[in-house]
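3D model of this:
(4 chains)
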2 protein chains.
Amino acid sequence: MKKIAVKKGDILQRKGEINSKAYIVESGLLRSYTIDDKGKEHIYMFGPENWLVADTSEPQIPCQLFIDAIEDSVINVTTKEELLQNGPDLKVLLRRLNTMQNRIVMLMSSNARERYEHFIETYPKIIQRVPLKMIASYLGITPEALSRVRNELSQK
Amino acid sequence: MKKIAVKKGDILQRKGEINSKAYIVESGLLRSYTIDDKGKEHIYMFGPENWLVADTSEPQIPCQLFIDAIEDSVINVTTKEELLQNGPDLKVLLRRLNTMQNRIVMLMSSNARERYEHFIETYPKIIQRVPLKMIASYLGITPEALSRVRNELSQK
DNA sequence: GTCATTTCTTGATGTACATCAAGGCACAGG
DNA sequence: CCTGTGCCTTGATGTACATCAAGAAATGAC
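Alright, predicted model coming up:
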């Protein structure tokens, strides 16, 4: 487990690489995302302070996510194997699973406005720190759609 | 951990209940799902043989998912606490996380046809056992849309 | 401070999928 | 055997959001 400093924009992991690294954010902000066949970026997760960021693919499989830094960050780099051996934090794992469950339910049942409202309730800190187009990407909508949603909400 | 038999249609858990049960399917088929404010059902997960089915909310929080039986089933009922104490199967947990990751990426980047194609590749067994409208619900589309997708695919 | 780049917004148009409605099938129960 | 109920399909119409395009505003580089 070694500590590194990265600059905004630095890429830690690329989709398709065989890479069993896991990143624990000490300060700054990471993001993980895919790029689909049409070249569109989809943010899977933001990783602020204390967050664990990693692709959950099996270690020997090409990973599906890019990981990069949205802010200058200090990160502890470890491996999935190491995490597992040292008895992973079950609470963290379960909370993660629950976050994913909520996200899936939301993607299936909510429209753009509802997703955005849920996001600002759940991650009020994040929204200050990232460009809106990344929020849009996380929500699964376009920046234009997000802009119109925010417009509509500020009217009332 | 006790073993019970349930009939097709039996409801094991309702959204909003405080319930820390977890269900390990011995035979048959369960499903977990939500019903949104507009009354629409969204299937979160199918639970065939050997699957672990549970809401991942904290035990003391009202759960978000309904769980019921799609087929007559035999199920081992335990609790989340018990699962955690007995050292949960990490591989299973990680695989679960990976499944969720894939699902989220898919919901964000794929259209109806792509989702369906991915589903039949990934769960060829399930598709034989459940009505198409449940597949549609799992994919996040309407039965009508699924019907048209299948139509289109069978043309070629 | 100036220029270039990125981000955000607004409008016009397009489209994938939802919704609504109705008919045909299958099959489960009496 | 008949009948109801649930499932699947097909067509017509509606709509939320995407896409495309352009300009304004903010941010960063030198």
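
and the residue nearest to the spatial centre of chain A, backbone torsions?
Closest to where the C-alpha atoms of chain A average out (Cα atoms, centre = their mean) is A:M45, at 1.4 Å. Main-chain torsions, A:M45, degrees, to the nearest 10: phi -160, psi 140.

Please report how far it lies from A:I120.
17 Å (Cβ to Cβ, to the nearest Å). C-beta: built from backbone N, CA, C; applies to glycine.

same deal with A:R148?
According to Cβ to Cβ, A:R148 and A:I120 sit 16 Å apart.

ok, now A:Y138?
12 Å.

who's more crowded, those two?
A:Y138 (23 against 13; other Cβ atoms under 10 Å in any protein chain shown).

Pull the residues that contact the helix or strand encompassing A:E152.
Per DSSP states H and E: A:E152 is located in helix A:143-155. Helix A:143-155 has contacts (Cβ atoms under 8 Å, 6 or more residues apart in numbering or on different chains) with A:A112, A:R113, A:Y116, A:E117, A:L132, A:K133, A:I135, A:A136, A:L139, A:I141.

could you redo the last one with a cut-off of 6 Å?
For helix A:143-155, the external contacting residues (Cβ atoms under 6 Å, 6 or more residues apart in numbering or on different chains) are A:A112, A:R113, A:Y116, A:L132, A:K133, A:A136.

Strands along chain A, start to end?
Remark: strands assigned in chain A by DSSP state E are A:2-6, A:11-13, A:21-27, A:30-35, A:41-47, A:52-53, A:66-69, A:73-79.

Packing partners of the helix or strand of chain A with the lowest mean pLDDT?
Ranked by mean pLDDT, DSSP states H and E, the weakest helix or strand in chain A is helix A:80-85, scoring a mean of 88. Judged by 3 or more Cβ pairs under 6 Å, 6 or more residues apart in numbering or on different chains; DSSP states H and E, helix A:80-85 is in contact with no other helix or strand.

Tell me the buried residues in that helix?
Judged by neighbour count (16 or more other Cβ atoms under 10 Å in any protein chain shown), helix A:80-85 contains these buried residues: A:K80, A:L83.

Compare the strands of chain A and give me the one nearest B:T78.
For B:T78, the closest of these is strand A:52-53, at 26.9 Å, according to Cβ to Cβ.

List the neighbours of that closest one that are in contact with it.
A:Y23, A:I24, A:L30, A:S32, A:G47, A:I67.

change it to 8 Å
So strand A:52-53 is contacted by A:A22, A:Y23, A:I24, A:V25, A:L30, A:S32, A:M45, A:G47, A:I67, A:V92, A:R96 (Cβ under 8 Å, 6+ apart).

quick one, longest helix in chain A?
Using DSSP state H, we find that the single longest helix of chain A is helix A:90-109.

which helices and strands sit right next to that one?
Counting contacts by 3 or more Cβ pairs under 8 Å, 6 or more residues apart in numbering or on different chains; DSSP states H and E, helix A:90-109 is packed against helix A:112-122, strand B:41-47, helix B:90-109.

Of the ones you listed, give the one that comes closest to DNA strand D.
For those, the distance to DNA strand D is smallest for helix A:112-122, at 3.7 Å, taking Cβ to the nearest atom of the strand.

Show me which residues of that closest one are buried.
Buried residues in helix A:112-122 (16+ other Cβ under 10 Å): A:A112, A:R113, A:R115, A:Y116, A:F119.

A:Y44 reaches B:I104, doesn't it?
Yes. Using Cβ atoms under 8 Å, A:Y44 is in contact with B:I104, at 6.4 Å.

if you count what's nearby, which of the two comes out ahead?
Just comparing A:Y44 and B:I104: by other Cβ under 10 Å the higher neighbour count belongs to A:Y44, 22 against 19.

Please name the nearest non-neighbouring residue to the more buried one.
Nearest non-adjacent residue to A:Y44, counting by Cβ to Cβ, 6 or more residues apart in numbering or on different chains: A:S32, 4.7 Å away.

and the one you found, how many residues sit next to it?
23.

got it, and the one 5 residues further on?
For A:D37, the tally of surrounding residues (other Cβ under 10 Å) stands at 8.

which bits of chain A sit near chain B?
Counting by Cβ under 8 Å from any Cβ of the partner chain, chain A comes close to chain B at A:34, A:36, A:40, A:42, A:44, A:55-58, A:64-65, A:84, A:88, A:90, A:93-94, A:96-98, A:100-105, A:107-110, A:140.

Which among the residues you listed count as buried?
If we count by 16+ other Cβ under 10 Å, the residues of chain A next to chain B have these buried: A:34, A:42, A:44, A:55-57, A:64-65, A:88, A:93-94, A:96-98, A:100-101, A:103-105, A:107-110, A:140.

how about low-confidence regions in chain A?
Counting by pLDDT under 70, chain A has low-confidence residues at A:156.

how about 80 then?
A:87-88, A:155-156 (pLDDT under 80).

What parts of it come near DNA strand D?
A:K38, A:K40, A:N111, A:A112, A:R113, A:G140, A:I141, A:T142, A:E144, A:A145 (Cβ under 7 Å from any atom of the strand).
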